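> The following block contains a protein sequence and its predicted model.
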Amino acid sequence: MGFKKLINSNKALSLVAAFMLLGTNVLMAQGTGADPKAADSTSKADMWLGVGYYVLLVLLACVIVAVVGKILKVYDLSLQMQGKKGMNWNNIIGVICIIFLVVSLYGVYWSFTVQGNMILPESASAHGGKIDFMFWTTTVITMFVFFITQIILFGFLFKYRGSDKRKGYFYPHNNTIEKVWTIIPAIVLTILVVFGFFTWRSVTNTDNLKGDINIDITGHQFAWEIRYPGKDGKLGQVNYQLYTPNNILGVNFKDRNSFDDQKADTIVLPVNREIRINIHAQDVIHSVYMPHFRVQMNAVPGLPTFFKFTPTITTADMRNRLDDPKFEYSLYCNKICGGGHYNMQKVVRVVSEGEYENWIARQKPYLSDQIKKELHLADAVQPNKAAENRIALNN
Ligand SMILES: [Cu+2]
């Protein structure tokens, strides 16, 4: 094929376009992270090599299929030239369907056995068992339906493949079949949804709003801020208008409950106590996700949400059970909230009551010296209009 023909070939141009699109997507996905190293020239070259490798692999697979097809076609023609009956393509396609079925089902089995061990360990919270039970019920039902329908689909394709001995029967409609395959899934889905509704209600029910320990978790790009209520057990109110670089949660110090509030870097929880997590966001939607406790709730700016749960297994216990001395429970952000999203992680540690008391006694008050100074300074030194407004809000 001459060069002129090549650049005028629709197929060649489509191939180049697909390659460019795929490559650009991969590069953009990898190269725009907050880490500037990810976008340097060496790793870009590596990525192009990676993209090229997979594109070549796909092209190679296509060439192999095309060559095998051509060989079979030549064989078929040579049979016909010898006056013999040609190849039976109906049989070949029927067998390909059965091979596809077996290979795909093996693939499903493989993904369950190989990737199945990436599943979360046993639930470490009181309600987690209910969520797991629902997860497994749904998995078993959908897998049962998946296997039955795939086996019937490809089995029928093989059994009723084209044949000179049979004639297709035109069967346009059957109301009974329509009803059966509408009503059965509707009943099964209704049961699953109602079941889910009651489980969700039992987890988020508002009859008893107060937990044993109230903790505030506030998400912002790109970190979580943790606030404990202090000795009085009550968190002071927050108001985003009171935000200052030192008072980043906008805690209202007019509210006496805020005086002993504490700031923490790690979330430490006493085992077997009900924890109420009050969830806030300051910029975009984040999501508080603690998979080991089967807890997830969106953090929405301007709309405080909460979640109650009771941790039942201490970190030390879980380390023993998993035989992993480095295991830690984690809090993640589960909404893709921007370039540094991956960095929104915190260690969650579940400890005995005694260890918790020890730890909480060592945490610093939220009302830091800087904030005290700030409030005081604003009062004494900057008697301008803006500062007066701030004093009015802060006091
Ligand atoms: Cu986030």
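Arrived safely.

> going forward, measure contacts between C-alpha atoms and count neighbours the same way
Noted.

> what pLDDT, on average, does the host helix or strand of Arg227 get?
Per DSSP states H and E, Arg227 falls inside strand 223-228. What strand 223-228 shows for mean pLDDT is 90.

> That one packs against which elements?
strand 213-220, strand 262-264, strand 345-351 (3 or more Cα pairs under 8 Å, 6 or more residues apart in numbering; DSSP states H and E).

> could you redo the last one with a cut-off of 7 Å?
strand 213-220, strand 262-264 (3 or more Cα pairs under 7 Å, 6 or more residues apart in numbering; DSSP states H and E).

> Could you report the pLDDT at Ala12?
pLDDT, Ala12: 81.

> Count the neighbours of it for me.
Here the number of neighbours of Ala12 (other Cα atoms under 10 Å) works out to 13.

> do the same with Ile226
If you count neighbours by other Cα under 10 Å, Ile226 ends up with 21.

> The ion versus that one, what's the distance?
From Ile226 across to the ion, the span is 14 Å (Cα to the ion, to the nearest Å).

> Wait, that residue touches Lys263, no?
Yes - at 6.0 Å, Ile226 counts as touching Lys263 under the criterion of Cα atoms under 7 Å.

> Show me how far stretch 89-101 is from its chain's centre.
Distance of stretch 89-101 from the chain centroid (Cα atoms, centre = their mean, to the nearest Å) equals 37 Å.

> Nearest residue to Lys231 in space, please, no chain neighbours.
Once flanking residues are discounted, Lys231 sits nearest to Asp260: 6.7 Å by Cα to Cα, 6 or more residues apart in numbering.

> What is the three-state secondary structure of that neighbour?
coil (DSSP: H, G, I helix; E, B strand; the rest coil).

> What backbone torsions are found at it?
phi -100, psi 10 (degrees, to the nearest 10).

> Enumerate every residue touching it.
Pro229, Gly230, Lys231, Pro365 (Cα atoms under 7 Å, 6 or more residues apart in numbering).

> picking up where we left off before, show me which of the helices and strands packed on strand 223-228 has the highest average neighbour count.
Among the helices and strands packed on strand 223-228, the stretch with the highest mean neighbour count (mean count of other Cα atoms under 10 Å) is strand 213-220, at a mean of 22.

> May I have that strand exported as CSV, CA atoms only?
Extracted in CSV, the C-alpha atoms of strand 213-220 (Å, rounded to 0.1, in the frame of the first residue of the first chain):
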residue,chain,number,x,y,z
ILE,A,213,-19.2,9.5,72.4
ASN,A,214,-19.8,12.3,69.9
ILE,A,215,-17.0,13.0,67.4
ASP,A,216,-17.0,15.6,64.6
ILE,A,217,-15.3,14.7,61.4
THR,A,218,-14.9,17.6,58.9
GLY,A,219,-13.7,17.1,55.3
HIS,A,220,-11.9,19.7,53.2
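
> Tell me the residue of this protein that sits nearest the ion?
The chain approaches the ion most closely through His286 (4.0 Å), counting by Cα to the ion.

> Under the pLDDT cut-off, which ranges of the stretch 251-395 of the chain? List them.
The model of the stretch 251-395 of the chain has pLDDT under 70 over residues 376-395.

> which parts of it sit against the ion?
His286, Cys333, Cys337 (Cα under 5 Å from the ion).

> now with 8 Å?
Neighbours of the ion within the stretch 251-395 of the chain, by Cα under 8 Å from the ion: 284-287, 333-338, 341-342, 344.

> Could you tell me which of those residues are located in strands?
Using DSSP state E, the subset of these located in strands is His286, Ser287, Cys333.

> what would those residues look like in a markdown table with neighbour count and distance to Phe158?
Converted to a markdown table, these look like this (neighbours: other Cα atoms under 10 Å; distance: Cα to Cα, whole Å):
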| residue | neighbour count | distance to Phe158 |
| --- | --- | --- |
| His286 | 30 | 50 |
| Ser287 | 24 | 48 |
| Cys333 | 26 | 48 |
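
> Distance to Pro325 added to the residues you listed, as JSON lines?
Output for these, formatted as JSON lines (distance: Cα to Cα, whole Å):
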{"residue": "His286", "distance to Pro325": "30"}
{"residue": "Ser287", "distance to Pro325": "28"}
{"residue": "Cys333", "distance to Pro325": "25"}
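
> quick one on the thing from earlier: now the strand holding Arg227 against strand 345-351, angle please.
Between the axes of strand 223-228 and strand 345-351, defined by axes from the mean of the first three to the mean of the last three Cα atoms, to 10 degrees, the angle is 30 degrees.

> how far out from the middle of the chain is strand 223-228?
Averaging C-alpha positions (Cα atoms, centre = their mean) puts strand 223-228 22 Å from its chain's average.
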